[in-house]
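Novice: okay, sequence plus prediction incoming.
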Amino acid sequence: MRVVELANPIRILKKDGPSEDLMNRKEKEDFIIRLHNEGKNWNYIMNKANVSPNTISKVLANDEQSRAFALFEKKLSPMQVKIELGIPPENAEKHYLA
């Protein structure tokens, strides 16, 4: 009996999302945001997405900023954006002045 190794092993999808080596940058950012919105802690996100805390921080900050800009385009005030996104007033002002 011989053992034959496959040239291209099959990659298995994990329960929480795709395998991290199959994800491109956008997919990984979406995965981080999804896990954060589900209430997962940073250690869990770091392990599942195979990223550093700095990466998580940057992805979440960019997501907050883009959501704030979208609300400002709808003519909402910084106070309304703060309430809508549940962010500190300083962050709403920072995004408004950017």
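Specialist: Arrived safely.
Novice: so what touches the helix ranked longest in the chain?
Specialist: Counting residues, the longest helix found in the chain (DSSP state H) is helix 53-73. Applying C-beta atoms under 8 Å, 6 or more residues apart in numbering, the contact partners of helix 53-73 are 29, 32-33, 36, 42, 45-46, 49, 80-81, 84-85, 87, 91-92, 95-96, 98. From N, CA and C alone the C-beta is placed, and that goes for glycine too.
Novice: just how off-centre is that helix within its chain?
Specialist: 9 Å (C-alpha atoms, centre = their mean, to the nearest Å).
Novice: what's downstream of it, the next helix or strand?
Specialist: Sequence order places helix 78-85 as the next helix or strand after helix 53-73, per DSSP states H and E.
Novice: show the average pLDDT along that following helix.
Specialist: Taken as a whole, helix 78-85 has a mean pLDDT of 91.
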